[in-house]
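In: Okay, here's the prediction I keep looking at, along with the sequence it came from:
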Amino acid sequence: MLLSNLDIKGDRDDILKYIRSHILPHNQLKEVRTHQELIDEVYFGGCGLYIDGLDAAFAADVKDLPGRSVERPNNELVIRGPQEGFTENLRANTGLIRKRLMDQNLIAENIIIGNRSKTPCSIMYIKDIANETLVNEVKRRLKNIDVDYIMDTGELEQFIEDNPALPAPQMLATERPDRVCTMLAEGRVAIIMHGSPFALVVPITSNDIMYSAEDQFLRFPYSNLLRFIRILAILMSLLLPGIYLAITNYHHEMIPTDLLLAIMSAREKVPFPSVVEVFLMEISFELIREAGIRIPGPIGPTLGIIGALILGQAAVEANIVSPILIIVVAVTGLGSFAIPNFSAGFAFRILRFAFIMLAALSGFLGITVGLILIGLWMVSAKSFGVPYFAPIAPRTSGGFTDAIFKSPAWKQEKRPDYINAKQQKMQPRISRKWALANENNQAGGDNTGDQNG
Amino acid sequence: MKTTKPAVITRVIKMDRGKRLIAIIMLVAICPLLASCYDAREVDDLGFVIAMGLDRGKTNTLRMTLQIAKPMAGADGGSGGDDLPYEQFSVEAPAVFSGLNMINTFASKQISLTHLKVVVFSSELAREGLKPYLNAMLRGKEFRPNMPIVVARHTAEEYLQSVDPKLVTNAAKYYELVFQSYKYTGLIPKVEFHDFYLASKSPCRNPVAILGDAGRFLSAEEFDIKNSTYMDHHRSTPFEGDFFAGDIPALGGARAENVGLAVFEGDKMVGELDGTNTTMYLLCTGDYIHSYWTFPDPLAEGRYVLMDVKQSRKPKHRVEFVDGKPRIDIMLNLEGDLVAVQSDIDYETGDNSLVLESAAEDYIKDHVQKFLDKTINEFQSDICGFGAYARAHFMTWAEWEAYNWHTKYKDATFNLTVNFKVRRPGLILRSGTSEAMESRRDDQ
């Protein structure tokens, strides 16, 4: 008998407890009393264990549900930097963060969302950096969601955002653990949800949507070049078709005469007003974009041919649109692809059509009015209590050196002012201690001493 | 009563979301009603005038000539051939804008002046006074303030007709470039319309305009120099600037020539200056940039030294009143790079360079002096704007206006200083003796 040589002190229950705590070291172990219960567990991928002489059985949770392993991020690609992305598994995701941020103060609080779906979520923050009010606000919003099922952070985002109508995203959805870690270290809060490979980070401001994860890892002149290009890309994707319309319809005196004559001869044979032309091309471009995402993989390449040949060349040769407009639309498209944030890209695509309308109605006056209205809207918006245009309006310290453009890593001494972190300083004024001339730093000290003497 | 006001304000702020949204939608909806593409014009629905010429008309006050650009011929692979890149229209009308109306009756496209590159007046019109036309050009919002003003020595129509740009496919480009040539030839003045207008009204200065005309010569057999001013400059052959527009013995390119300037007094033209004097004018105003100069060789009779002369600093002006008459001090700072020494004399080093510098200083001084004397004796017109320096001596504007600079300018005397330095010898660093050349060859 298996149990005969055990030193059994009490009655049958004690044997059960003893086996459970001493012999079966599995932590997901369940004690079942009926056959049906055990059969259900086995059906669901568990392991049943009968022990002779006991009127109970054990159901061990040994199931390994199929899921993706850690792979490269699909959407936020970088050349320099880590190449790991989140998966659909909550524990794997928190693990990816803990792997990078071995800070004893890193807290992961579990919370269940969805009355029926019971989706497990994790709120992550660094206890002695993140502002308590912010953490409490995140918890308050998450706890007060009354919904049956919730599947993805994309849904969750809509339940907890401040301004549902604002075109720009008010929280950062990222699939990169390194990015989440950087932002946690600044005092922000991350929300991770089981089943979603995207983590949400709050709060963000308008600047964060034009950063890429790579900015952090590149030397500062390089990332500043990239940021400058991205600002340009945003302006182009938002305004270029509008400005083209405004200039060709209202402000002819603004174009160099040569270009004017070129536009004139290109438009000579086109039967539509330029607004119709722009709308035609913009809508076809959006069609290509949408079709490109939905098209099954093997037929994908044909789409490029359709886009390039039919829309580009044939439309011009059939005199439906002018070639200059193709350039405008193409550059606008490129600009919108260069925006690093997926949601922000949508925002600018929608607003672009508004600007086309405004420009067609009243030229630069319309564009100016549009910019003012959108500016007012954005400036009045908030993301978890932080003004959306924070480092610029309201102006806080380091608005231009750290927010719009980036200073070298050793000069980023403070956490963003608007986050109100518990510790404002990230590093002392002199973080490159080796550059100091003192005893602890023999070689450097001697040299500089000699030079000064 | 006082308490009601803030209450109203808070109520506006507390306007609920839906109402605010409706308000925004209504505002946006009003936009098209207010604006409604009312002044939108497609580019290809407009005819862009690139040049305008004004002459005295046969049947009416004005004969207006417009050059309207054709959509760029080069865009379809340059199949334009020998066609002119513009279409010329003429009409006789009482005024500029009535002329535009009349041209719109037979030109298929609506005329737009937003890309007007130049306005040409005939000298006949300019001598009668340009005031009525300047006013229209200033008020009309389509005229560009920076376009040059040209006075054609014969008719503006003929001048415009002779513009057949050979080096560019686009006439607008031709006008943009050709009136910038003061920067590297110094043979035409720098004229912008807004400045011309201000000068025509100013109590301190008088305006000038570019002098232009269609070239006289159609073949090389006809060449003559009887209209050249080289005799006035005491030379045996004409130098590059000793011509008025239209008299240069030249063929090819556009027949239209721009050399010299038209002197105005107020809005009336009073005379012409040739290219050489125009260079002196640019030196005195400080608009001079650089150009090639031909200096007589100080050490070899009949040979020339050519230099690229630059303005090293802006000229310094100062006006003093001596016995109630203005004395104008002008200091010119110039430098030259040798580009050709026909006599092969070593002007690069030593005393020779000093000889060359002082000879050049005298030469320039002599020419500037003659130019300034001319403005006093022939025209009594302060085209260089010395009045701006004279008015510093007056406490109030009323005093200055009462002084009436324009009538006093003819009594002015000049005190000229020219600083000239030879800076660079070009690629020949040293013109050596024949021996030196041989020894260098042995070294190799």
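Out: Received, thanks. Numbers count the residues shown, from 1 in each chain, chains lettered A, B, ... in the order given.
In: State the pLDDT value of residue 116.
Out: In the absence of a named chain, chain A is used. On the pLDDT scale, residue A:116 is placed at 89.
In: Please refer instead to chain B.
Out: 93.
In: what's the answer for residue A:429, then?
Out: 87.
In: Do I have it right that it meets residue A:414?
Out: No: the pair residue A:429 / residue A:414 is not scored as a contact, 10.3 Å apart, by CB atoms under 8 Å. Backbone N, C-alpha and C define where each C-beta goes, glycine included.
In: between the two, who's got more neighbours?
Out: residue A:414 (15 against 7; other CB atoms under 10 Å in any protein chain shown).
In: so the more buried one bridges to which residues?
Out: Residue A:414 forms beta bridges with residue A:425, as assigned by DSSP bridges.
In: Was I right to think it contacts residue A:424?
Out: Yes: applying CB under 8 Å, one finds residue A:414 in contact with residue A:424, separated by 5.4 Å.
In: count of neighbours near residue A:307?
Out: 17.
In: cool, and residue A:100?
Out: Residue A:100 has 17 nearby residues by other CB under 10 Å.
In: Also the one 4 residues further on?
Out: Residues near residue A:104, counting by other CB under 10 Å, number 8.
In: and residue A:8, what pLDDT?
Out: So, for residue A:8, pLDDT stands at 54.
In: same thing with the one 5 residues further on?
Out: We have a pLDDT of 65 for residue A:13.
In: ditto for residue B:69
Out: 88.
In: So it sits against residue B:116, correct?
Out: No: between residue B:69 and residue B:116 there is no contact under CB under 8 Å: 10.5 Å.
In: Common neighbours of the two, please.
Out: Residues touching both residue B:69 and residue B:116 by CB atoms under 8 Å, 6 or more residues apart in numbering or on different chains: B:49-50.
In: Helices of the chain, start to end?
Out: Just going to use chain A. A:12-18, A:35-43, A:90-100, A:132-143, A:153-160, A:177-185, A:220-249, A:257-267, A:274-294, A:300-305, A:315-317, A:323-337, A:342-380, A:442-452 (DSSP state H).
In: wrong chain, I was asking about chain B
Out: Assigned by DSSP H, the helices in chain B fall at B:4-13, B:17-34, B:96-104, B:123-128, B:131-139, B:156-161, B:171-178, B:193-201, B:275-285, B:350-374, B:387-390, B:397-403, B:405-408, B:434-443.
In: The residue nearest to the spatial centre of chain B and residue B:381, how far apart?
Out: Nearest to the geometric centre of chain B sits residue B:190, at 2.9 Å (CA atoms, centre = their mean). Look at residue B:190 and residue B:381: by CB to CB, to the nearest Å, they are 17 Å apart.
In: Any regions of chain B where pLDDT drops low?
Out: Residue ranges of chain B with pLDDT under 70: B:1-15, B:31-32, B:34-37, B:72-82, B:432-444.
In: Sorry, slip of the keys, the one I care about is chain A.
Out: Counting by pLDDT under 70, the ranges of chain A that qualify are A:1-13, A:398-401, A:439-453.
In: Around chain B, which positions in it sit nearby?
Out: For chain A, the residues in contact with chain B (CB under 8 Å from any CB of the partner chain) are A:248-250, A:252-253, A:257-258, A:260-268, A:270, A:273-274, A:358, A:360-363, A:365-366, A:369, A:373.
In: Buried only: go through these for me.
Out: For these, a burial check counting by 16 or more other CB atoms under 10 Å in any protein chain shown picks out A:248-250, A:252-253, A:257-258, A:260-267, A:270, A:273-274, A:358, A:360-363, A:365-366, A:369.
In: Which residue, other than its chain neighbours, is closest to residue A:345?
Out: Leaving aside its chain neighbours, residue A:345 sits nearest to residue A:339 (4.6 Å; criterion: CB to CB, 6 or more residues apart in numbering or on different chains).
In: What is the neighbour count of residue 228?
Out: All of this is about chain A. Residue A:228, neighbours per other CB under 10 Å, totals 12.
In: switch to chain B, that's the one I care about
Out: Neighbour count of residue B:228, defined by other CB under 10 Å: 21.
In: before we move on, what about the one 10 residues further on?
Out: Look at residue B:238: counted by other CB under 10 Å, it has 21 neighbours.
In: Could you do the one 3 residues further on as well?
Out: Using other CB under 10 Å as the criterion, residue B:241 is surrounded by 26 other residues.
In: and if you look at residue A:345?
Out: 21.
In: before we move on, what about the one 3 residues further on?
Out: If you count neighbours by other CB under 10 Å, residue A:348 ends up with 24.
In: isn't it right up against residue A:338?
Out: No: under the contact definition of CB under 8 Å, residue A:348 does not touch residue A:338, with a separation of 10.7 Å.
In: Please identify every residue contacting each of those two.
Out: What both residue A:348 and residue A:338 touch, as defined by CB under 8 Å, 6+ apart, is the set residue A:237.
In: Pull the contacting residues for residue 71.
Out: No chain was given, so I picked chain A. Residue A:71 neighbours (CB under 8 Å, 6+ apart): A:84-85, A:87.
In: Oops, wrong one, chain B.
Out: Here residue B:71 is in contact with A:261, A:264-265, A:268, B:44 (CB under 8 Å, 6+ apart).
In: okay, those in JSON lines with distance to residue B:363 next?
Out: Output for the contacts of residue B:71, formatted as JSON lines (distance: CB to CB, whole Å):
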{"residue": "A:261", "distance to residue B:363": "45"}
{"residue": "A:264", "distance to residue B:363": "50"}
{"residue": "A:265", "distance to residue B:363": "51"}
{"residue": "A:268", "distance to residue B:363": "56"}
{"residue": "B:44", "distance to residue B:363": "55"}
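In: How about the residue in the stretch 151-300 of chain B positioned nearest to chain A, nearest residue that isn't a chain neighbour?
Out: In the stretch 151-300 of chain B, the residue that lies nearest chain A is residue B:172 (3.9 Å; CB to the nearest CB). Leaving aside its chain neighbours, residue B:172 sits nearest to residue A:257 (3.9 Å; criterion: CB to CB, 6+ apart).
In: same question, residue B:276
Out: Once flanking residues are discounted, residue B:276 sits nearest to residue B:241: 3.5 Å by CB to CB, 6+ apart.
In: The one you found reaches residue B:273, doesn't it?
Out: No: contact criterion CB under 8 Å: residue B:241 and residue B:273 do not qualify, at 10.0 Å.
In: Now do the contacts for residue B:388.
Out: B:204-205.
In: longest strand anywhere in chain B?
Out: Taking DSSP state E as the criterion, chain B has its longest strand at strand B:304-322.
In: okay, now the closest residue to residue B:391 other than its chain neighbours: neighbour count?
Out: Of all residues not flanking residue B:391 in the chain, residue B:400 sits nearest, at 4.8 Å (CB to CB, 6+ apart). Counted with other CB under 10 Å, residues neighbouring residue B:400 total 18.
In: now residue B:205
Out: Counted by other CB under 10 Å, the residues lying close to residue B:205 total 22.
In: Kindly report the same for residue A:293.
Out: For residue A:293, using other CB under 10 Å, the count is 6.
In: and what of residue A:393?
Out: Residue A:393 has 14 neighbours, counted by other CB under 10 Å.
In: Relative to the whole chain's centre, how far out is stretch B:370-387?
Out: 18 Å (CA atoms, centre = their mean, to the nearest Å).
In: swap that for stretch A:309-324, sorry
Out: 37 Å.
In: If we go by neighbour counts, what in it is buried?
Out: Buried residues in stretch A:309-324 (16+ other CB under 10 Å): A:311-312, A:315-316, A:320-324.
In: what's next to that stretch, contact-wise?
Out: A:262-263, A:266-267, A:269-272, A:277, A:280-281, A:284-285, A:288, A:326.
In: What is the most widely separated pair among those residues?
Out: Largest separation among the contacts of stretch A:309-324 by CB to CB: A:262 and A:288, giving 26.2 Å.
In: contacting residues for residue A:107?
Out: By CB under 8 Å, 6+ apart, residue A:107 lies in contact with A:123-127.
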